[in-house]
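structure for the following, please:
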Amino acid sequence: MNNMPRKGILAGAVLIGVAVVGYLATGMKSWTALIPAFAGAPILVASLIAREERMLKHGMHVAAVFGLLGFLAPAGRLVPKVAKGEVELNVATLAMFAMAVVCGVFLVLCIQSFKAARRARRTD
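Sure, this is the predicted structure:
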C-alpha cells in the first residue's frame, strides 16, 4: 500500500494540533488561531479516504490541493512581513510558520509521490 495517506493523516493531525495549541495559547480569544485546522482537517479527511485503494489518487490529489493552499496562505502573509522587517515573534507568527512548513513539506512529498506513480505506470 502507498504510504502517502499515512503522511497526509500525520500532516493533518499536526496542523490541527498547531491550531488547538495556538488557540489555547492566545487565551481562546480569536477563531483565527484555528486557521491551521482549516487546512489540516481536509488533508486529514482526504488522506483517510485515500487509504481505500480505489480512492488513493483522488484523495491524495485533494489533500495536495489543501496542502498547497495551506502553504500559500501563511507564506503570503509572512513573506511581505519578513521583507519589510516587521516580523514579531508571537504565537500567530509561529503558527503561520509551522503551517507553512508542514504544508510545504507535505506538498513536496505529494509531488514526489505523484511523479513516482507516473513513472511506475509508464514502465508497466
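
for this structure, give me the ranges with low pLDDT.
1, 124 (pLDDT under 70).

return the residues in contact with the residue nearest the centre of it.
With distances taken as Cα atoms, centre = their mean, residue 103 lies nearest the centre of the chain, 3.1 Å away. By Cβ atoms under 8 Å, 6 or more residues apart in numbering, residue 103 lies in contact with 11, 15, 39, 66, 67, 68, 69, 70, 71, 74. Where you see a C-beta, it was placed from the backbone N, CA and C, and this is true even at glycine.

what sits closest to the last one if chain neighbours are left out?
Okay, so that is residue 74. The shortest distance from residue 74 to any non-neighbouring residue, by Cβ to Cβ, 6 or more residues apart in numbering, is to residue 96 (3.7 Å).

these two touch, right, that neighbour and residue 76?
No. Contact criterion Cβ atoms under 8 Å: residue 96 and residue 76 do not qualify, at 9.7 Å.

ok now the helix or strand harbouring residue 117, how far from the chain's centre?
Using DSSP states H and E, residue 117 falls within helix 91-123. Remark: helix 91-123 is offset 8 Å from the chain centroid, using Cα atoms, centre = their mean, to the nearest Å.

repeat that for stretch 11-27.
Relative to the centre of its chain, stretch 11-27 is centred 13 Å away, using Cα atoms, centre = their mean.

what does that stretch rub up against?
31, 33-45, 47, 63, 67, 70, 91-92, 94-95, 98-99, 102-103, 105-106.
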